[in-house]
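*Asks:* generate coordinates for the sequence data below:
(2 chains)
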Amino acid sequence: MTSVSTELASSKAVATEREARIRSFRRMPTYVAAYIILILGVVVSLFPYFLALMTALKAPDQIFSSSAWSLPHPATLQNFIDVVVKYNFLAFIWHTLIYAAVLTIGQLIFSTLAAYAFARMKFPGRDQIFWLYLATLMVPNIVTLIPLFIILRTFGLVNTWVGLVLPFVLGTPFGIFLMRQFFLTIPRDLENAARIDGAGTMQILFQVILPLSRPIMATLAIITFVQAWNTFLWPLIVTDTGDMRVLTVGIAAFQSNYGTQWNLMMAATFIALGPLLILFFLFQKHIVRSIHLSGFK
Amino acid sequence: MQRIRQDGGQSTAGVAVMDRSGAVKGRRLFKAERVLALQAYAFLLPSFLGLLVFSLIPIVAVAVISFFNWGLIGQPTFVGLKNYSLMFGSSSFWHSLLLTLYYVLLNIPMQTVFALLLALLLNQKLPGRGFFRTLFVVPWMATAVAMGIVWQWVFDPQYGTLNTFLSLFHITGPAWLSSTAWAMPSIAAVNIWQYTGYNMLFFLAGLQGIPPDFYEAASLDGAGPVQKFFTITLPLLSPTMFFVLVTDIIGSAQVFDTVYVMTQGGPGNATTVLNFTIFQQAFEFFHAGYASALSMALFALLLIVTLIQVLFFRSRTIYDLS
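*Replies:* Okay, here's the model as predicted:
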């Protein structure tokens, strides 16, 4: 952009900002209504956690002697301490972190490549192959886990990090579908302009597509990470040693034939939740992209 | 700049290869096309390898097992189409199927509308929106087992949160999870609670992809917020909406965790959705062959439903207004 048009753009931005502030005053009642809806939504979203927290703060004997809604009396942090110290949850956090991080990185790399191919490249069989990817999502995974486990076992990959990670690290149809839908919305003019300037596919990918894709990649990263963090059935089947146990399996272990240790389970749930909340709050900014784009006028 | 054909292809779109007379340079195109196709295959290779080994082969295996009787241990015995004829003649299969559809209808519309509403709200420059965004996604972040247990407490007929809350308004709440009429809606409610924030994320990303210039232009033309929503927002959100609906319906039809933890298919068979039946058949009754046939049925159902959505969205999806 030339310096003249930059000036015009910035003075226009200042004027728009002023108008926006004036408009926002007139919209006070709408703001109030919006906040009421939002706060109601937060109450509905969070009250079960409040219940879980109270249980996590209770001593074992109080769990069975009173209703779930009674306040902890006395409130104790012993459950949290026990979960971390006695039940080895720090190790579980570490295992889960490795698992989730590896899957997320793999997803971001390989799903992006495949999605770009489906969205913007022309090749024989493009739509049919894409349908094939989509179709695999439609088969319930309960029964497919059996052959999948047998395959891993045949290659000696049970109870190994490679085996745990391999089926999902090369990108998933879900991630590819998501990225493809987003790539389809990027104006072709941008890519065509780059091609006229002589850019090759990789250059276009890195210099045009990726900078525009920050919101969707942040979304995909969060989703992949959280899904991996909370996945239960797969790690349960593939690992049976404590060296690789993940949080979900650790939490489920508080349920047994002798009864459930609610207080420990709820404390562990919060410990498992903590890192996710922190990571999410840090990353959710990237879902908001500051819109300075005026490059395709 | 010359208008490029919107055919998704690069065959004649490489503007550089069009000379002044408009003649297309045949051989150079052919090579360029081939290079691009090879590049595309290279991009696809890692995910396709993963898909082949860890997805396609197991799916084919399941399809094959459906023609056998297998108790998970020991040898499978070939029974041809018997599992399928059993399935189609079984009233509990059709019951499961209808329950699954009922659940999807309870679940998806409300979830989608709430998620869109929240995304629209939180896309505005409201102070504290990052905070709200995080909070709405929190329900999705806890393990299913723990949340299922907590929700059981919430739905408890006597001491549960819900009925206690209703009693403040002098309403006697039903026995929720033990009631044939309310069990399925209760599970749907838990799922809506869990996934609204998650879907909100997609809509937020989609909304962020809409250039504000469009809204400014519409304002200059005198369009009000409702008009802007229906003529700009909704059409440009259609790729996102397509994605959300397809993946949510596929995911929703495969609901299992919530049912397993909260009702175990009960009361009676009020919540025996198809995926739960599949689990029971495979791991409680050890009829892996029959469970495989059921899986194929669910697959076929989802294929049809997705196809309908693809056809619906094909003419209505605008990917690019340029």
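
*Asks:* ok, residue A:121 - contacts?
*Replies:* Counting by Cβ atoms under 8 Å, 6 or more residues apart in numbering or on different chains, residue A:121 touches A:201, B:10, B:36-37, B:39-40, B:43. (Each C-beta comes from the backbone N, C-alpha and C, glycine too.)

*Asks:* buried subset of those as a ChimeraX selection?
*Replies:* Selecting only the buried entries of the contacts of residue A:121 in ChimeraX, with 16 or more other Cβ atoms under 10 Å in any protein chain shown as the criterion:
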select /A:201 /B:10,36,37,39,40,43
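
*Asks:* export the contacts of residue A:121 to JSON lines and append columns for pLDDT, distance to residue A:224 and secondary structure.
*Replies:* Shown next, in JSON lines, are the contacts of residue A:121 (pLDDT from 0 to 100; distance: Cβ to Cβ, whole Å; DSSP: H, G, I helix; E, B strand; the rest coil):
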{"residue": "A:201", "pLDDT": "83", "distance to residue A:224": "25", "secondary structure": "helix"}
{"residue": "B:10", "pLDDT": "45", "distance to residue A:224": "30", "secondary structure": "coil"}
{"residue": "B:36", "pLDDT": "84", "distance to residue A:224": "28", "secondary structure": "helix"}
{"residue": "B:37", "pLDDT": "87", "distance to residue A:224": "29", "secondary structure": "helix"}
{"residue": "B:39", "pLDDT": "88", "distance to residue A:224": "25", "secondary structure": "helix"}
{"residue": "B:40", "pLDDT": "90", "distance to residue A:224": "23", "secondary structure": "helix"}
{"residue": "B:43", "pLDDT": "92", "distance to residue A:224": "19", "secondary structure": "helix"}
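
*Asks:* for residue B:257, state which of the contacts of residue A:121 is nearest.
*Replies:* Closest approach to residue B:257 among these (Cβ to Cβ): residue B:43, at 34.0 Å.

*Asks:* wait, that closest one touches residue A:116, no?
*Replies:* Yes. Counting by Cβ atoms under 8 Å, residue B:43 does reach residue A:116; the two are 6.4 Å apart.

*Asks:* quick one: distance of stretch B:66-85 to the chain centre.
*Replies:* The chain centre lies 31 Å from the centre of stretch B:66-85; the measure is Cα atoms, centre = their mean, to the nearest Å.

*Asks:* should've said stretch B:133-140
*Replies:* Taking Cα atoms, centre = their mean, the mean C-alpha location of stretch B:133-140 is offset from the chain mean by 19 Å.

*Asks:* so, low pLDDT: which residues of the stretch 1-150 of chain A?
*Replies:* A:1-10, A:22-27, A:64-69 (pLDDT under 70).

*Asks:* in it, which spans are helices?
*Replies:* A:3-26, A:28-56, A:60-65, A:78-85, A:89-106, A:112-120, A:126-136, A:141-154 (DSSP state H, counting those that start in this stretch).

*Asks:* and the ones you listed, which is most packed in?
*Replies:* Ranked by mean neighbour count under mean count of other Cβ atoms under 10 Å in any protein chain shown, these are led by helix A:112-120, which reaches a mean of 25.

*Asks:* on that earlier part again, got the contacts of residue A:121 as CSV, with distance to residue B:97 columns?
*Replies:* Listed next are these as CSV, based on distance: Cβ to Cβ, whole Å:
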residue, distance to residue B:97
A:201, 45
B:10, 44
B:36, 44
B:37, 41
B:39, 44
B:40, 39
B:43, 38
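
*Asks:* tell me the two of the contacts of residue A:121 that are most distant?
*Replies:* The largest separation in the contacts of residue A:121, counting by Cβ to Cβ, is between B:10 and B:43 at 14.3 Å.

*Asks:* residues of the top helix by length along chain B that come out buried?
*Replies:* Of all the segments of type helix in chain B, defined by DSSP state H, the longest one is helix B:91-122. Buried residues in helix B:91-122, counted by 16+ other Cβ under 10 Å: B:93, B:95-97, B:99-100, B:103-104, B:106-108, B:111-112, B:114-116, B:118-122.

*Asks:* ok, which of these also contact chain A?
*Replies:* Contacts with chain A within the buried residues of helix B:91-122, counted by Cβ under 8 Å from any Cβ of the partner chain: B:118, B:121-122.

*Asks:* wait, which of the residues you listed is closest to residue A:275?
*Replies:* When these are compared against residue A:275 (criterion: Cβ to Cβ), the nearest one is residue B:122, at 23.3 Å.

*Asks:* and the helices of the stretch 1-150 of chain A: which comes nearest residue B:246?
*Replies:* The nearest among the helices of the stretch 1-150 of chain A, by Cβ to Cβ, is helix A:126-136 at 7.7 Å.

*Asks:* what is the closest one packed up against?
*Replies:* The contact analysis (3 or more Cβ pairs under 8 Å, 6 or more residues apart in numbering or on different chains; DSSP states H and E) places helix A:126-136 against helix A:112-120, helix A:173-184, helix B:26-51, helix B:288-314.

*Asks:* switch to 6 Å and redo it
*Replies:* helix A:173-184 (3 or more Cβ pairs under 6 Å, 6 or more residues apart in numbering or on different chains; DSSP states H and E).

*Asks:* the helix it packs on and chain B in contact?
*Replies:* Yes. Using Cβ under 6 Å from any Cβ of the partner chain, helix A:173-184 comes into contact with chain B via A:181, A:184.

*Asks:* could you give the angle of the very next helix or strand once past that helix to helix A:112-120?
*Replies:* The C-terminal neighbour of helix A:173-184 among helices and strands, as given by DSSP states H and E, is helix A:188-196. Per axes from the mean of the first three to the mean of the last three Cα atoms, to 10 degrees, the angle that helix A:188-196 makes with helix A:112-120 is 100 degrees.

*Asks:* pull out the buried residues from helix A:188-196.
*Replies:* Neighbour-count burial for helix A:188-196 flags A:188, A:190-195 (criterion: 16+ other Cβ under 10 Å).

*Asks:* these into a markdown table, with extra columns for pLDDT?
*Replies:* Output for those, formatted as a markdown table (pLDDT from 0 to 100):
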| residue | pLDDT |
| --- | --- |
| A:188 | 85 |
| A:190 | 85 |
| A:191 | 85 |
| A:192 | 86 |
| A:193 | 87 |
| A:194 | 86 |
| A:195 | 83 |
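
*Asks:* and those, which is closest to residue B:207?
*Replies:* Once Cβ to Cβ is applied, the member of these that ends up nearest residue B:207 is residue A:190, at 19.7 Å.

*Asks:* what's around the nearest residue to residue B:272 once chain neighbours are set aside, how many residues?
*Replies:* Leaving aside its sequence neighbours, residue B:272 sits nearest to residue B:265 (Cβ to Cβ, 6 or more residues apart in numbering or on different chains; 4.1 Å). Neighbour count of residue B:265, defined by other Cβ atoms under 10 Å in any protein chain shown: 19.
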